[in-house]
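Novice: please work out how this folds:
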Amino acid sequence: MSDFICDQIFRPKNYTKSPLPRASYENCTFEGCDFSNGYLDSQNFMECTFIDCNLSNANLTNTTFNEVDFKHCKMMGLKFEDCNDFLMNFSFVDCILNLTSFYELTLKNQCFTDCKLISVDFSKTILNNSKFENCDLEKAIFSGTSLIKADLSSSYNIVLDPEKNKLTNAHFSLEALPGLLVKHKIKVTI
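Specialist: Predicted coordinates for the structure are as follows:
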């Protein structure tokens, strides 16, 4: 990768047919860009922000996300486990991440705020000290997931098996209790 692009703003542009030039992007902002079904593979994004972008089904193979913020983005069907996981760090605010996979990643202190995480795969993911603020976790997959000290107290539609996940000191709301007991076929009235 030869190009280094710093402090640039990329405004509404469609990158679905002609991909974003391969480079290292630092402190760049992408606003209203469409990367859906496109190629973001082998890119480096450091301290970048994506606002109102569509990244659904984009190829993320060997892509680096270091201190990247996603705000109001559509990000369905992504496979973050295909990314370069060295220094992986990002946050999501008001994003649609349905059908996305974080399989086997280490994402300590991860923050999801006001996100739709429907049918997201968190299998074998380490999410210790992570925060899920007001997120919809309907049909999210938690299996072998470490949620030690994670805060899910304001999120909803949570169904997970406490015996198949690490939940030491994790925070859940009383409303989440039925989803933690679903395998026992116990009905809880709140």
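Novice: can you map out the helices along the protein?
Specialist: For the chain, the helices defined by DSSP state H occupy 177-181.
Novice: how's it carved up into domains?
Specialist: 1-96, 97-190 (automatic domain parsing).
Novice: what pLDDT, on average, does stretch 96-112 get?
Specialist: Per-residue pLDDT over stretch 96-112 has a mean of 97.
Novice: in that stretch, what's buried?
Specialist: The neighbour-count check on stretch 96-112 (16 or more other Cβ atoms under 10 Å) flags Ile96, Leu97, Asn98, Leu99, Thr100, Ser101, Phe102, Leu105, Leu107, Gln110, Cys111, Phe112 as buried. Just so you know, the C-beta spots here come from the backbone N, C-alpha and C atoms, and that holds for glycine as well.
Novice: same check on stretch 40-48?
Specialist: Across stretch 40-48, burial judged by 16+ other Cβ under 10 Å covers Leu40, Gln43, Asn44, Phe45, Met46, Cys48.
Novice: what's the end-to-end length of that stretch?
Specialist: 14 Å (Cα to Cα, to the nearest Å).
Novice: ok, now stretch 62-81?
Specialist: 9 Å.
Novice: tell me the buried residues in it?
Specialist: Neighbour counts over stretch 62-81 (16+ other Cβ under 10 Å) mark 63-81 as buried.
Novice: next: stretch 4-13.
Specialist: Judged by neighbour count (16+ other Cβ under 10 Å), stretch 4-13 contains these buried residues: Ile5, Phe10.
Novice: about what we covered before: lowest average pLDDT across the domains of the chain?
Specialist: domain 97-190 (a mean of 91).
Novice: any idea how far it is from the chain center?
Specialist: With Cα atoms, centre = their mean, to the nearest Å as the basis, domain 97-190 stands 13 Å off its chain's centre.
Novice: next: stretch 70-87.
Specialist: Centroid separation for stretch 70-87 versus its chain: 6 Å, with Cα atoms, centre = their mean.
Novice: which outside residues touch it?
Specialist: By Cβ atoms under 8 Å, 6 or more residues apart in numbering, the list of residues contacting stretch 70-87 from outside reads 36, 49-66, 88, 90-106.
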